[in-house]
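>>> here is the input, now give the coordinates:
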Amino acid sequence: MNEIQKRLIAEVADLHDVPMGAYNFRANGKLAGRNTTANIDIQTKTEGSGIDIRIKDNTRNESVHIPVVLSDSGYKEVVYNDFYIGENCDVVIVAGCGIDNCGNQDSQHDGIHRFYVGKNSKVKYVEKHFGSGTGTGKRILNPGTEVYLQDNSVMEMEMVQIKGVDNTNRQTVAKLNKGAKLIVRERLLTHGNQQAVSGYTVTLDGEGSTADIVSRSVAKEKSYQKFEVKLTGNNRCSGHTECDSIIMDEGKILAIPSLEANNIDAALIHEAAIGKIAGEQLIKLMTLGLTEHEAEEHIINGFLK
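Numbering: from 1, shown residues only. Predicted coordinates:
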């Protein structure tokens, strides 16, 4: 990979060298590096674009890195990646996409990830998006995620988009069996004329299943965000969603919650708070010597951690 691609890898996967464990690097639609282990196998799909990742039963304390980078202006792709996680596993999966566009054509990556998580397994999934480049062409990312959790499995998702993506439509669908648990922490910042749509459709089918989905976001300048979440409880279960957002300048944020309880013991909660930075927060920091802009950035950085 060239220096631009290496920088993008560092941004979206926190990698500055070849990682330990299994990995699959993709750059401008081509394989840029792959490694498998005794417990984690990665194979190119025989039909269509993408990979299959198979993790054996009882695999613990191992990781998979599958970042994607685009540095050719005008390049567009759709990739399908399927993860088959065995039973009694404890693994970390790091994905993400970085686009550097210095041309006048739009660049776009649509990544569809499907997770089939076996009984009693725990998966931490990290997905970061990043955009850079001086061109007039847009940087577009449309990730789709499907999660199927078997009995007593856990999926923890960290979804981050902080800089440089012009348009994104992130859609996540999850189905939970008995005792399964889904935890989502989303962090999002938009500015300029950027637009970001984030949707979650979660079905709690199993007895004792739980979901906790929290989105923290900041909309600056003339950017627009939509957060839409639907929780359906079909059994004794618990679900919580939260939209906590800061609006600045002429930014706009729309939150659309939907809670559907189809069982008397389904407990579903939604919380939302959208507003500007409190004036007393700014004043307090400015008395410490910060300018108003510096105070705003300090508050935003702490808010999105």
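>>> and the nearest residue to residue 50 once chain neighbours are set aside, how many neighbours does it have?
In space, not counting the residues next to it along the chain, residue 50 is nearest to residue 80; the distance is 3.8 Å by CB to CB, 6 or more residues apart in numbering. Glycine gets a C-beta too; all of them are placed from N, C-alpha and C. Residue 80: 17 surrounding residues under other CB atoms under 10 Å.
>>> and stretch 160-168, how far out from the chain middle?
Chain-centre distance of stretch 160-168: 11 Å, with CA atoms, centre = their mean, to the nearest Å.
>>> meant to ask about stretch 252-272
Stretch 252-272 has its C-alpha centroid displaced from the chain centroid by 21 Å (CA atoms, centre = their mean).
>>> buried sites along it?
For stretch 252-272, burial by neighbour count (16 or more other CB atoms under 10 Å) applies to 253, 255, 257, 259, 261, 266, 268, 270.
>>> repeat that for stretch 231-240.
For stretch 231-240, by 16+ other CB under 10 Å, it's 231-239.
>>> end-to-end on that stretch?
In stretch 231-240, first residue to last residue: 8 Å (CA to CA, to the nearest Å).
>>> residues in contact with it?
With CB atoms under 8 Å, 6 or more residues apart in numbering as the test, stretch 231-240 has contacts from 176, 202-213, 241, 258-263, 265-271.
>>> filter the buried residues of stretch 231-240 down to the ones in strands?
Using DSSP state E, 231-233, 237-239 are the members of the buried residues of stretch 231-240 that sit in strands.
>>> and the furthest pair within the residues you listed?
Greatest spatial distance in these: 232 and 238, 12.8 Å, computed using CB to CB.
>>> can you name the element that comes right after the helix or strand where residue 79 lies?
When elements are assigned from DSSP states H and E, residue 79 belongs to strand 76-85. Remark: after strand 76-85, the chain's next helix or strand is strand 90-94, criterion DSSP H and E.
>>> note down every partner strand of the helix or strand harbouring residue 174 and its orientation.
Assigned by DSSP H and E, residue 174 falls within strand 167-176. Using DSSP bridges, the strands paired with strand 167-176 in its sheet are strand 139-141 (parallel), strand 144-149 (parallel), strand 195-204 (parallel).
>>> now do the same for the residue lying closest to residue 254 once chain neighbours are set aside: its pLDDT.
Excluding the flanking residues, the one nearest residue 254 by CB to CB, 6+ apart is residue 226, at 4.6 Å. Residue 226 is assigned 97 on the pLDDT scale.
>>> quick check: residue 226 vs residue 171, distance?
Per CB to CB, to the nearest Å, residue 226 is found 11 Å from residue 171.
>>> need the overlap of contacts for those two.
The contact sets of residue 226 and residue 171 overlap at residue 199 (CB under 8 Å, 6+ apart).
>>> please identify the most buried of the strands paired with strand 167-176.
Of the strands paired with strand 167-176, the one with the most neighbours on average (mean count of other CB atoms under 10 Å) is strand 139-141, at a mean of 25.
>>> can you map out the helices along this protein?
3-13, 279-286, 292-303 (DSSP state H).
>>> what's opposite the residue nearest the centre of the chain in the beta bridge?
By CA atoms, centre = their mean, the chain has its centre lying nearest to residue 159, at 2.6 Å. Residue 159 has these beta-bridge partners by DSSP bridges: residue 127, residue 186.
>>> next, the buried residues of stretch 123-137.
123-133, 135, 137.
>>> so which of these sit within strands?
Within the buried residues of stretch 123-137, residues falling in strands by DSSP E are 123-132.
>>> low-confidence stretches in the chain?
The chain contains residues with pLDDT under 70 at 1, 15-16.
>>> hmm, back to that, show me which pair in the buried residues of stretch 252-272 is furthest apart.
Greatest spacing in these, by CB to CB: 253 and 266 (27.8 Å).
>>> quick revisit: next, the angle strand 122-132 makes with the strand holding residue 174.
Calculated by axes from the mean of the first three to the mean of the last three CA atoms, to 10 degrees, strand 167-176 forms an angle of 170 degrees with strand 122-132.
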